[in-house]
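*Asks:* Predicted model and sequence below, questions to follow.
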2 protein chains.
Amino acid sequence: MKPPSLLGLLRFLLVISFFPPSTRAQVPTQPWEEVVNGVWRYVPVKKEKINLLDAAGSTPNLPRLREFTQVPFPLDQTQIRITKQNGKLYLRFPLGPEEQLYGLGLHFKQVNRRGRIYNLHVDHYGGQDNGRTHAPVPFYVSSRGYGVLINSARYLTVYAGTANRVDSHNPPKVYNRNTDKQWEAQPTSDAVEILVPAEEAEVLVFAGKSPLEVVQKYNLYNGGGYLPPKWGLGFTYRTHTQFSADDVLREVQAFEEQGFPLDFMGLEPGWMSRSYPCSYEWDPQRFPQPAEFVQTLLAKNVRTNLWINPYIAPQTTLYEPMRALAGSHTVWNGLVPDYTLPQAQKVFTDFYQKNHLDMGVSGLKIDENDGYDQWLWPDVATFPSGTEAELLRQTYGLLLQDMIARQYRQANRRTFGLVRASNAGASHLPFVLYNDYYKHEDFITALINSGFVGVLWTPEVRNSASGEEWLRRMQSVCFSPLAMINAWSSGTKPWSYPEVYESVKKVALLRMRLLPYIYSTFAQYHFEGTPPIRPMPLVEGFVDQPTETEGTLDDTNNPYKLATRQDIKDQYLFGESILVAPVFTGQTSRRVILPKGKWYDFYTGKLVGENEVITVEAKLDEIPLFVKDGGLIPMIPPRLHAPKMGEKLPLEVRHYGTAEGRFLLYDDDGETFDFEKGDYSWTELSTRKTPRGPLRGTSRRISGKIYGYSTLDWKFMTP
Amino acid sequence: MKPPSLLGLLRFLLVISFFPPSTRAQVPTQPWEEVVNGVWRYVPVKKEKINLLDAAGSTPNLPRLREFTQVPFPLDQTQIRITKQNGKLYLRFPLGPEEQLYGLGLHFKQVNRRGRIYNLHVDHYGGQDNGRTHAPVPFYVSSRGYGVLINSARYLTVYAGTANRVDSHNPPKVYNRNTDKQWEAQPTSDAVEILVPAEEAEVLVFAGKSPLEVVQKYNLYNGGGYLPPKWGLGFTYRTHTQFSADDVLREVQAFEEQGFPLDFMGLEPGWMSRSYPCSYEWDPQRFPQPAEFVQTLLAKNVRTNLWINPYIAPQTTLYEPMRALAGSHTVWNGLVPDYTLPQAQKVFTDFYQKNHLDMGVSGLKIDENDGYDQWLWPDVATFPSGTEAELLRQTYGLLLQDMIARQYRQANRRTFGLVRASNAGASHLPFVLYNDYYKHEDFITALINSGFVGVLWTPEVRNSASGEEWLRRMQSVCFSPLAMINAWSSGTKPWSYPEVYESVKKVALLRMRLLPYIYSTFAQYHFEGTPPIRPMPLVEGFVDQPTETEGTLDDTNNPYKLATRQDIKDQYLFGESILVAPVFTGQTSRRVILPKGKWYDFYTGKLVGENEVITVEAKLDEIPLFVKDGGLIPMIPPRLHAPKMGEKLPLEVRHYGTAEGRFLLYDDDGETFDFEKGDYSWTELSTRKTPRGPLRGTSRRISGKIYGYSTLDWKFMTP
C-alpha cells in the first residue's frame, strides 16, 4: 500500500479552500489513491466516524489482495463527479450503454439493478426491491469488471442508471410519445448517481479481470468470507418457542430415531424467563438446569443456539448496568443498548460469557435488529455516544455480529448463527440472514443476490401448504449456506409430510455427503473471497444479456408502457462446480441456462448440454443439479452429524464429463481458529488423461497437516 | 394579531446564543406566539426560505380567523420538545391515551393515523400508506381538537404515536410475550415525534372547539378553500389521447344527443405536437385551428382543459429561454423548469397566455409532477436558484398550481383543473388531485382523507370490468369534488355499458340538480374553511372509538400478532347535510354508521335511524344518501350544463325530517373573482315550526345582490 501523498493532500486542501463550493467538482489530479492492488479510495472525502466497515470490524486481507494481477483504474476519472452540496455528497459514476449492475444488497425480486432506484435502509424486506432490506449493502458490481462501495452508514439513495443530465455527453434520443413507437418510458441513462445525506463517506472502487474477481476483492477487503465450523454446515432445526428442555431432548431423540441429520438445535424466545423485551436468563421452569441441558445435547453431537433480540427487559440484571448506555427510546419496552460504546458491549458479553458461552452454547440467532420501522427505535432517538439513530440503524446488525464474533474468537471456538440485519463489511462475520417473508421463489432470488455483497442467506423452511411444497423448499435449503427448518411457530418436523419424507431425507443426507465439497467451498470464500453462492453473472464465460418484453399499455398498472426485463433469478452455482436449478411447487419442468462448456447431470453423469437453454423434467425427488465438464465433487458417506474434530472418513471423489479436472480440498479441525495459525491442509485432487486410457485421479497434499480422510475412491460418473 | 414581542425575541436570542446546542431544548418561557386567534407559531425555529405555504402562495384569511371564539393553547407546553441536533430538528408533541390522529396527507388505505409512521414524500401513491403520496401534507388533526402543521418542504418522518421514551412519564405496561396474553405487539405511545432533516421549519399549532374547527382554521390560514367556477362542478370528460379536434367535436355532439351532462372536455397529450417531453404547441394535424376549436366548444357551453406535464421538449420555442432556468437533469428527456425562479414562471405563463389562456382554454391537467422516483428528477439534481432537489420535489405541484392560479386570477376568470402533486397550503388552489391507482374502495378512502388536509380529490372513472362496477364508480364520482370520466386510454363513454346507462345518467343528472347545494358547500369551504368532503371524525357529535380485532399468529404475515384496527373509511358527509355511503361492486347491502340525531333517506325522506349502525340494501340504481334531521337541500331542474353567468333558474328546496332547518344558500356570477369584491349573495333558507301546523319554509337575503333563482318551491320530503 502506497502511503498517501501529503503534498497531494495539501494541494487538494488549497484547491478546495480557494474555490467556492460550486467549483469544488474540480478535484486535484490524483484524487484516487490505490489502497491495495485493485482497490482505490477517493481521497478528498473521508469516512464518517461511524461507518459500515468499521462497525463490521473488518480487516482487509492485504497479502491475498496483493497477489491478484494488477489492473488499471477501471473508470474514466473525468466522468466521475463527487461534490459536496447542502451538507450532502452527490456522487456520479459513468455507465456504459451495455453495462449491467448487480449488488446493492439482499433483494428478493430482481437481480439486475440497472434502471432502478434504491433507498438503502436496513429494514425487514417489505415485498418491493426499493432498498429497504436486511442487508442494504452500498456496493455494486458492474458486468464490466469493477465495483463501487460507499462505506457510509447513512440512508443512501442510489439511482442505478435511471437519470439523465441536460449536459450529458451521450443523451438518449428524444421521441414523441404521440407518434413514435420507439418512445421509451425510461430513456437510457449514462450514470449511476448516489446521494449521501452527509458530507463524509469513504468511496472505494474495486477492479478485477472479471465481475467474480471484483466480488472476491470486495470479500477479501472485508477480511475474506467466514469459514463456519463443520457442524454449522450440517442440518439445523429450530424448535417451537414454548418448548422446555425435555421437549427439546425428545425432539433430538426423534431426529435420531428417524435417522435425520441434526447438527444444531435452535431455541426460540421461550428459553428465556422473559422475552420481548428480553431477560437473557434461562426460564427456571422450562430450563431448570441449562448447563446440563446444553452438555446433554453436546454429548449427542448436537449444538445449542439461542434466539435473542437486542432489547433489554426492565426485570433483568442487565437492565441497571445498561441503562446509562442505552438510547432514549425503548423497543418493545426494552432498552436499546448503544453498541457503539465498548462499555455496552462489555456489559452484554460478560453476561453472555457467564450464562451461555461458557456453558457450551454454540451461538445466537439475533432477531429484530432490522425493522420494520414501527417496531424499532425512531430516527429521532438519541444515544449516549452521540451516534445518530440513522447510523445506528444501518450498523446495528453489524455491531451485534462483530461483538459476538469476537467473543467466540477469543474463546477459540467457531460459532455460526443467524441475524436479521447486516451490511457492507459482513463477509467475515459468522452469521446467516433470514426473515419472515417466506416466498420460495423470492427466497432463491435473495440467495442469488447474497453472492454479490458478501452476506449469507438461508431460504429457511417453516411449513408448507403441501408435501410437494415441503419437499421443494427442503431441496433448495439444502443447497444454501444454512440447511434449516425453523419451527418456532408451526412446530413442523422434517417428517410432517409422510408422503415426501423419503425424498426429504434423501436431500438432507445428500447435503451431509457433500460436506467436503461445501466445506472447501467456504474455505475458498475465506481464503479467496469467492462467494459460496455464485449468481450467473459471476460465472466465468457467462454473458448477461437481459431480454425485455414490450410493455402493454394499462392506464392503471402500466400507464407508461414500461417494458419488463427478464432476470436470471432462479439458478446459481453452489461452489465452483454445481449448478443448482431449484424447482418450485407446481412445476413439472423448468428451463435451465447452461453457461459455456459441457454440463452433466449430477445424479447420472449424463451430458445435458452446453452453452444453451435446456428444459429439464422436474422429478419430485431430485433437485436438478448439474456439474461442469471436469467437475470434481468430493463426498463422504451419509451421516447424521458433521465430522467431529479429528474424525477420519472415507472420501469418494466424483468426476463428471470428459475434461481433466482439478479441485482443491480443504480441511482443518473444523471447530477452532487454529487454521488462522496455519493448522489446515489443501489437497489437490485432479483427474488427468492417461496416454491412451481413461481419466485417472490423483491427490497431492499442497500444504498443511490436517486431512480428515481415511481412504479415497474415484468415481467417474460419465461413461 | 398581536405584534410579536421584540423584547421576548431579544431575550430568546440571548438565551440561544449563550447556551451550547445540547441545552437549547431549554426554550424561553414564551416560545409559542399566537399568530392569529387559535394559531400559534413556535418562535425559536424559523421557516426555511423554500417552504410549503410560501410555495402555495397562501395568504391567511385573518379577518375570518379572528371571528372564532378564543381558545387556549391546546397542549401542555412542558411536554413539547423541539430540539436541533446534527443539523436536524427533532419534534415531540404529547399524545393522550385516547386521542386519535388524522390527516398527514392523501392516503388510500387508512383514515386513522395513530400508531403508524409516515415518510412524507411527494410521490405517486404506491399501494401502501407510508407517507409517499400525491399530497403528503405535514398537518395532523387530533380528535382532541387541535392540529399541528410543520411548514417544511423536507422529507419529514412522522412517528404518529409509535415510539416510547425510556424517560416517559406514563410508559406502557411491560408484558412477557412468553406467558402474558395481554402482550402487545405495539405498546401504546405517548407522543407524536417528527424528524425534520433540516435545522429550520415553521411549526404551527391550531386549536379549535372541535376537530372540524381546527380544519376550518387550517384552511382559512391557507386562504380559505377554492371556490370553483360553476362549470367546474358540472360533469367532465377527458377524451382519448389521440383524438383530433373533429373527434372531440363529435364527442361533444354525442353527449348532447345522449342528453348527458358535460361542462368541460379534457384533451390528453395528443393535442400537442410533441409530448413526453412536451412542446405545449397545438398539433397542426390534429388541431389545425385551435382558437376556433375552443370557441366552438364554448358556444356549446363546453370548456376546454389541456393536459400537460412540466417537462419541456428540445423542439419547442420554450426550450431555449428555459434552458438556463432549468435543473441539471431531464425528465423524459425534457427540461425541468426551476419554478422557484419568477423568471421561469414568466417564460411559461407568457407562452401559456398567448397560446392557450387568451384563446379561451379554461385550465390544465398538470400530470406527472408527483412521481414515481424513476420518472422524476433525482435528488442529486441541482437547480439554478440553488433550491435543493428535495425541496423542489415537495413543492413542485404547489408552485405549478399557484403559477396557473395567479394567471387566471389576473384574467379575472376562475379556472378548475387537475394536478397530481400538492401539499400543505393548497386549500385555496384551483386544482383537484387524481392518479392511476384506480381501486374504487381506496379512492373513497382518499376522498375522505382529502377532507382533513385542504386538498380536493376525484375518484375519477376510467373503465370497468362490468356494468355494475361502472355504475358504482359513476355514482361515487358524482359525490366528489370533480365528476369526471377520464378516457385517455380506454375511450370509454358514459353509455359504454348500456345495461346500466339509465342509472348512470340518473346520478349524473342528480349531481346537476344538486349544483346549488354543492356550490354553497364550496362557498362554505372558501369563506368558512369547512371542507366539502367531511370525514366522520369531523362530523359534529361523532366520536371515533376505533375497534380492534385481535391478531392471529402467522409466522409470515403476522409474526407479532398485531391487532387490526377498523377504520371508518367508506362513508362521509358531502357538504353539511348529505351522508354518502358508496356501494362497491358485488355488495348487496352495506353498513352505515349514523351519527347523533335522526337521519332520513335522501330519495324517500323516510327515517332510517339515529346514532346507530344500520344495514342498507344496495339498490343498483341508487347510491345510498342520507340527510340529517332538518337538512335542507336546494336543487335545480336537471340540466346538461352548469348555470351560465346571469342565468336564473327555478329553485326547489327539500326539507328532511321533522326538525327545523337552516341552510345558507350562496350565489355569485359563477365565473369571475368579482365575489372577492363583494359581488355575491348569501340567502338564509329556513324551515320553522308554525304554532300548530306543519313546517314552513322561508328565505331571507342576508347579503349581496347576485341571486340566480327565479322561483322557490319547498318540498317536505318526510311526511
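*Replies:* Sure thing, it's come through.

*Asks:* Please count neighbours and contacts with C-alpha atoms only from this point.
*Replies:* Will do.

*Asks:* So what's the residue count around A:L712?
*Replies:* 17 (other Cα atoms under 10 Å in any protein chain shown).

*Asks:* Please save the CA atoms from whichever strand or helix holds it in PDB.
*Replies:* Element membership for A:L712 (DSSP states H and E) is strand A:709-716. Extracted C-alpha coordinates of strand A:709-716, given in PDB (Å, rounded to 0.1, in the frame of the first residue of the first chain):
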ATOM      1  CA  TYR A 709      -9.900 -38.700   5.300                       C
ATOM      2  CA  SER A 710      -9.000 -42.400   5.700                       C
ATOM      3  CA  THR A 711      -9.400 -43.600   2.100                       C
ATOM      4  CA  LEU A 712     -10.000 -42.100  -1.300                       C
ATOM      5  CA  ASP A 713     -12.100 -43.600  -4.100                       C
ATOM      6  CA  TRP A 714     -12.500 -42.100  -7.500                       C
ATOM      7  CA  LYS A 715     -15.900 -42.400  -9.200                       C
ATOM      8  CA  PHE A 716     -16.100 -41.500 -12.900                       C
END
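
*Asks:* Could I get the phi/psi values of A:L95?
*Replies:* Dihedral pair for A:L95: phi -140, psi 120, per degrees, to the nearest 10.

*Asks:* Report the separation between it and A:Q79.
*Replies:* 9 Å (Cα to Cα, to the nearest Å).

*Asks:* Would you verify that A:W231 is located in a helix?
*Replies:* Yes. Using DSSP: H, G, I helix; E, B strand; the rest coil, the assignment for A:W231 is a helix.

*Asks:* Tell me the secondary structure of the nearest residue to it once chain neighbours are set aside, please.
*Replies:* Distances taken as Cα to Cα, 6 or more residues apart in numbering or on different chains put A:A642 closest to A:W231, at 5.0 Å, once the chain neighbours are dropped. A:A642 carries the three-state label coil when classified by three-state DSSP.

*Asks:* wait, A:A642 sits on A:K230?
*Replies:* Yes. A:A642 lies in contact with A:K230 (Cα atoms under 8 Å); the separation is 5.9 Å.

*Asks:* Now the common contact residues for these two.
*Replies:* A:L515 (Cα atoms under 8 Å, 6 or more residues apart in numbering or on different chains).

*Asks:* and A:N557, what pLDDT?
*Replies:* A:N557 is assigned a pLDDT of 88 by the prediction.

*Asks:* Check the one 5 residues further on too.
*Replies:* pLDDT for A:L562: 89.

*Asks:* just to revisit the earlier point, so A:L95 and A:Q79 - more neighbours on which side?
*Replies:* Comparing A:L95 with A:Q79 by other Cα under 10 Å, the one with more neighbours is A:L95, at 22 against 13.

*Asks:* gap between that one and A:R165?
*Replies:* For A:L95, the distance to A:R165 - Cα to Cα - is 13 Å.

*Asks:* now stretch A:711-719: mean pLDDT?
*Replies:* The pLDDT scores in stretch A:711-719 average 95.

*Asks:* ditto for stretch A:156-168
*Replies:* Across stretch A:156-168, the per-residue pLDDT values average to 96.

*Asks:* Show me what from the stretch 251-400 of chain A comes close to chain B.
*Replies:* A:269-270, A:273-277, A:327-333, A:335, A:373-375, A:377-380, A:388 (Cα under 8 Å from any Cα of the partner chain).

*Asks:* what do you get if the cut-off is 7 Å, keeping everything else the same?
*Replies:* The stretch 251-400 of chain A comes close to chain B at residues A:270, A:274-276, A:328-330, A:332-333, A:374, A:377-380, as judged by Cα under 7 Å from any Cα of the partner chain.

*Asks:* what stretches of chain A score poorly on pLDDT?
*Replies:* A:1-29 (pLDDT under 70).

*Asks:* how about a cut-off of 50?
*Replies:* A:1-4, A:6, A:9-10, A:12-27 (pLDDT under 50).

*Asks:* ok, longest helix in it?
*Replies:* What stands out as the longest helix in chain A, according to DSSP state H, is helix A:389-410.

*Asks:* how many neighbours does the closest residue to chain B within the stretch 401-550 of chain A have?
*Replies:* Per Cα to the nearest Cα, A:D436 is where the stretch 401-550 of chain A lies closest to chain B, at 4.9 Å. A count of nearby residues for A:D436, using other Cα under 10 Å, gives 17.

*Asks:* what's the answer for A:I623, then?
*Replies:* 24.

*Asks:* cool, and A:L335?
*Replies:* 28.

*Asks:* With A:D247 instead?
*Replies:* When neighbours are counted by other Cα under 10 Å, A:D247 registers 14.

*Asks:* which SS class is it?
*Replies:* At A:D247 the chain is in helix, as set by three-state DSSP.

*Asks:* Return the distance of A:G161 relative to chain B.
*Replies:* 10 Å (Cα to the nearest Cα, to the nearest Å).

*Asks:* wouldn't that residue be in contact with A:R114 here?
*Replies:* Yes. A:G161 lies in contact with A:R114 (Cα atoms under 7 Å); the separation is 5.5 Å.

*Asks:* And these two? Which one has more around it.
*Replies:* The residue with more neighbours, out of A:G161 and A:R114, is A:G161; 28 against 20, by other Cα under 10 Å.

*Asks:* dump the residue contacts of A:G575.
*Replies:* By Cα atoms under 7 Å, 6 or more residues apart in numbering or on different chains, A:G575 lies in contact with A:T521, A:P532, A:I533.

*Asks:* switch to 6 Å and redo it
*Replies:* Counting by Cα atoms under 6 Å, 6 or more residues apart in numbering or on different chains, A:G575 makes contact with A:T521, A:P532.

*Asks:* And A:V613, by the same measure?
*Replies:* Per Cα under 6 Å, 6+ apart, neighbours of A:V613: A:V592, A:I593, A:L594.

*Asks:* same check, this time on A:A642
*Replies:* A:K230, A:W231, A:G234.

*Asks:* can you list those residues in TSV and add neighbour count?
*Replies:* Converted to TSV, these look like this (neighbours: other Cα atoms under 10 Å in any protein chain shown):
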residue	neighbour count
A:K230	24
A:W231	24
A:G234	29
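
*Asks:* out of the residues you listed, who's nearest A:N119?
*Replies:* A:G234 (35.9 Å; Cα to Cα).
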